[in-house]
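Visitor: How does the following fold in three dimensions:
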Amino acid sequence: MEAGAVEFHKLTVKLGLKFSDIKEQLPKYAAIAKSKGYISIEDFAEYLQLPVSPALEEVFAMYDRDGSGTIDFREYVIGSCLVAKPAEDEETLALAFERFCGNCYITKKELVEIMEKSLRMTDAQAEELFNQVDVDKSGQITYDQFKAYADLKPEYATLFNVYQELKKEERNQMEQESNVDRNKNKTD
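Guide: Numbering: from 1, shown residues only. Okay, the predicted model is just below:
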């Protein structure tokens, strides 16, 4: 009990949280944590309705601070504050939305293509996600709908940003390998 009080105090002081903020996280954590009171990568994927992918694993690792392969409540609260909350800011959301489309809305076809490539979603999973976000059933997702869904599940914005970084690293590595090959051919 004493250790719990110490952890609660640390969370409130270091993260500037109130008891009500932490209490608010408990039902969400409990709904996700299906692995003996902890969140496994599979639980995290199920909550986000995504298959396990490198981008999802990287976001999961941001929460799993001790590297145990599970997220406990303390890690979840910290992750929600440090990982998911920054993704909720207006600039980050606007950038993620712009990367998705470039125009004023996202079509079902665009979302399906992006989610297949970035997070290995099946067509059916991506279409289900589209239907959840497209609340007015207009056949397109507006920025306001995108933002409303990101408010419910801010991990998606973080996931998309992680995916973009992974792709950037992949392109840089391919360029470096290409440069090495070109330099090797010049010396031969």
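Visitor: Point out the other helices and strands that the longest helix belonging to the chain packs with.
Guide: Secondary structure of the chain per DSSP state H: the longest helix is helix 155-187. Packing partners of helix 155-187 (3 or more CB pairs under 8 Å, 6 or more residues apart in numbering; DSSP states H and E): helix 41-48, helix 54-63, helix 85-87, helix 90-100, helix 108-119, helix 143-152. Yep, even glycine has a C-beta here, placed from its N, CA and C like the rest.
Visitor: in the second one, what counts as buried?
Guide: So that's helix 54-63. 55-56, 59-60, 62-63 (16 or more other CB atoms under 10 Å).
Visitor: For the helices and strands packed on helix 155-187, please prepare a markdown table with the additional fields mean pLDDT and distance to residue 182.
Guide: Putting those into a markdown table (pLDDT from 0 to 100; distance: least, CB to CB, whole Å) gives the following:
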| stretch | mean pLDDT | distance to residue 182 |
| --- | --- | --- |
| helix 41-48 | 92 | 39 |
| helix 54-63 | 86 | 28 |
| helix 85-87 | 53 | 38 |
| helix 90-100 | 72 | 30 |
| helix 108-119 | 82 | 28 |
| helix 143-152 | 85 | 41 |
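Visitor: Out of those helices, which gets nearest to residue 181?
Guide: helix 54-63 (25.0 Å; CB to CB).
Visitor: Pull the number of nearby residues for residue 38.
Guide: 19 (other CB atoms under 10 Å).
Visitor: How much space separates it from residue 76?
Guide: Distance of residue 38 to residue 76, given as CB to CB, to the nearest Å: 9 Å.
Visitor: same check, this time on residue 108
Guide: 32 Å.
Visitor: swap in residue 52?
Guide: Here residue 52 is placed at a distance of 18 Å from residue 76 (CB to CB).
Visitor: Looking at the two, which has the bigger crowd around it?
Guide: Between residue 52 and residue 76, counting by other CB under 10 Å, residue 76 is the more crowded of the two (23 against 15).
Visitor: Which residue is the nearest non-sequential neighbour of the more buried one?
Guide: Nearest residue to residue 76, sequence neighbours excluded (CB to CB, 6 or more residues apart in numbering): residue 29, at 4.9 Å.
Visitor: just checking, what packs against the helix or strand that contains the one you found?
Guide: Counting by DSSP states H and E, the element that carries residue 29 is helix 19-32. In this structure, helix 19-32 packs against helix 2-15, helix 41-48, helix 73-79, with contacts taken as 3+ CB pairs under 8 Å, 6+ apart.
Visitor: can you pull the buried residues of that helix?
Guide: 22, 25, 29, 32.
Visitor: mean confidence for it?
Guide: Taken as a whole, helix 19-32 has a mean pLDDT of 82.
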